[in-house]
Structures are given as C-alpha cells and as structure tokens.
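Visitor: The sequence and its predicted three-dimensional model are supplied below.
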Amino acid sequence: MKVTAIGADISINDVSCSKSLIENIEKDIPNLIDLGASHAALTNITGDDVVISAFVDDELLEIINQGIVNILKDNAEDIGDIAGIAKDVASAGEGISYAEATIRQDRYPDAIILAYDTYGGEEFVEDVANSAINAAKGMNGLTDISKNLPNNDKIPGVGYVSRDTDDPIVVASVENLESIGVISSAMLGASLGNKNVYLVERNTPCNVIPGSVILSATAFLNGNVIDLAIPFQNKMQILR
C-alpha cells in the first residue's frame, strides 16, 4: 500500500484558495473511493495550493493519481499547474507536485504531509523540503518518506512535470500514532530552521513578504485530517 499526494495551484489568484474551490474539490473526493482508494482527502491548503492525498493499494496507484488530477482539472479556477503535465520530460513545464511513500501492510495507514507554497518560485524551497526529508530519515517509527528533490521521475498514471515546479510536497508514512509527534517535530524544525520559512494553519492566505516560503503540515490518520499547526502552536508556547 502507498500514500500518494498531488498538489497544484489551481486558484484564480496567487495568494489564497476560495471557499467555493475548496468545497467543490471536497465534493469530488468520494470519486477516489469509487476508484478504489481506501481513504482520500483534501489534506493541505497552503496559500493558493491544494493537496489531495489518498491511501491506495500499489496496483491502483496510477488509477488514483489520474483520478486526483481529474478532480483538480475539473474544479480549476485557473488551469495553472495542470498545463505543465506532459507525456515526456522534454515537453514538461512547471506543473503539479507529487510525493508518495510506502505503507506497511500490517499497519493502519497513517502519514504526515507537508506542503510548501512560494509566491515567486523562490528556489531555496527545494532545500527547505529536503531538510524535512533528511531530518526524518532513519528515525524510529518511520516506514518511508518521499524522494529528495529535484527529480523528474514520471508521476505514475499522469505524466511528467519539469524541474520548474516550485511548490513541493513531502510525505512520510509512520508506524504508529506515537511516532507522529516525534517525526513531524523533526520535519517541521528542519524546515523552519531555513531562512524566511513560516508555518501556517491550513487554508491561510500567503500574507508574507515575497522572498518567503510558507508551509502547512497535516497528519493523515486512517482517513482523518489533523492540522498540525494548531497543536504545534500550543506546544511551542514557552512556559514562564
């Protein structure tokens, strides 16, 4: 089994996602269950980017990925990142973001999903995402984590996008609930240690000075979505 996540900028503006866009996507999420996903959800909303994630058996990965792209395409206010998808690397443009990780068959499907949004395609976002990936590698309770950036691997069932794609996703699968806090803390700490990087609550507009990167963090637990920014905000308050 795998957790798969696909993100795209399909908003009509560069700062936020409209209420209608979010509602329309959520109405179509059950289509992925009909296609065979065990669980699916709109997990991350970061500035003007949305991420749809699903738990899926390996043999259905391509079908579910194409189903996610169809939902994004059908509900797009602006074709945006969808237009960058191509059948070969040479033709690919700035497009959708993709991440996947393997889940052990004898575990509940639980994952941590980080999604990054840039205003002007800030290049250092790759280093930020890789910081999170490298921080989680080798930790107790981690099953798998998505590939380091950049990569031009084919998105299964969808096609290719170019290295100009600038709003990455990081996905980590975890062994048990107790590992969620430890692994996500390492990933968030590594991300936020980079310059001009800010953690935001899910569905927060990108109200930062250009030259910055924002990220949202969710726990996708057996089909349920938890916005990790809220508990982390409370946990990081310094006691006096």
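Guide: On my side now, so go ahead.
Visitor: Share the number of residues neighbouring Ile33, please.
Guide: 15 (other CB atoms under 10 Å). Quick note: C-beta positions are derived from backbone N, CA and C, even for glycine.
Visitor: Skip the chain neighbours and tell me the closest residue to it.
Guide: Ala40 (6.1 Å; CB to CB, 6 or more residues apart in numbering).
Visitor: Just list the residues touching the one you found, thanks.
Guide: Ala40 sits next to Ile29, Pro30, Leu32, Ile33, Ile52, Ser53, Ala54, Phe55, Ile64, Gly223 when contact means CB atoms under 8 Å, 6 or more residues apart in numbering.
Visitor: what's the answer for Ser216, then?
Guide: Residues in contact with Ser216 (CB under 8 Å, 6+ apart) are Asn44, Ile45, Thr46, Leu114, Ala115, Leu199, Val200, Glu201, Arg202, Thr204, Asp227, Ala229.
Visitor: please redo it, this time with the cut-off set to 10 Å
Guide: Listed by CB atoms under 10 Å, 6 or more residues apart in numbering, the contact set of Ser216 reads 43-47, 49, 51, 113-117, 199-204, 227-229.
Visitor: Among the residues you listed, name the ones in strands.
Guide: Of the positions in the contacts of Ser216, 43-46, 49, 51, 113-117, 199, 227 sit in strands, assigned by DSSP state E.
Visitor: and of the residues you listed, the nearest to Gly84?
Guide: Set against Gly84, the nearest of the ones in strands among the contacts of Ser216 by CB to CB is Asp49 (13.6 Å).
Visitor: Which among the contacts of Ala40 count as buried?
Guide: Ile29, Leu32, Ile52, Ser53, Ala54, Phe55, Ile64, Gly223 (16 or more other CB atoms under 10 Å).
Visitor: taking those one by one, which sit in helices?
Guide: Judged by DSSP state H, the buried ones among the contacts of Ala40 include Leu32, Ile64 as members of helices.
Visitor: what's the farthest-apart pair in the buried ones among the contacts of Ala40?
Guide: Taking CB to CB, no two of the buried ones among the contacts of Ala40 sit farther apart than Ile64 and Gly223, at 14.0 Å.
Visitor: ranges for the helices of this protein?
Guide: Using DSSP H, helices in the chain cover 19-28, 30-35, 61-75, 125-136, 177-192, 229-235.
Visitor: Which elements pack onto the fourth one?
Guide: If you count contacts as 3 or more CB pairs under 10 Å, 6 or more residues apart in numbering; DSSP states H and E, helix 125-136 packs onto strand 97-102, strand 110-118, strand 142-145, strand 169-174, helix 177-192, strand 197-199, strand 213-221.
Visitor: and the longest one, how far from the chain's centre?
Guide: If I follow you right, that is helix 177-192. Between the mean C-alpha location of helix 177-192 and the chain-wide mean there is a distance of 15 Å, by CA atoms, centre = their mean, to the nearest Å.
Visitor: which residues do Ile64 and Gly223 both contact?
Guide: Ile33, Ala37, Ser38, Ala40, Ala54, Phe55.
Visitor: okay, those in JSON lines with distance to Lys19 and pLDDT next?
Guide: Shown next, in JSON lines, are those (distance: CB to CB, whole Å; pLDDT from 0 to 100):
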{"residue": "Ile33", "distance to Lys19": "23", "pLDDT": "98"}
{"residue": "Ala37", "distance to Lys19": "25", "pLDDT": "98"}
{"residue": "Ser38", "distance to Lys19": "28", "pLDDT": "96"}
{"residue": "Ala40", "distance to Lys19": "20", "pLDDT": "98"}
{"residue": "Ala54", "distance to Lys19": "23", "pLDDT": "98"}
{"residue": "Phe55", "distance to Lys19": "27", "pLDDT": "97"}
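Visitor: That concludes my questions; thank you for your assistance.
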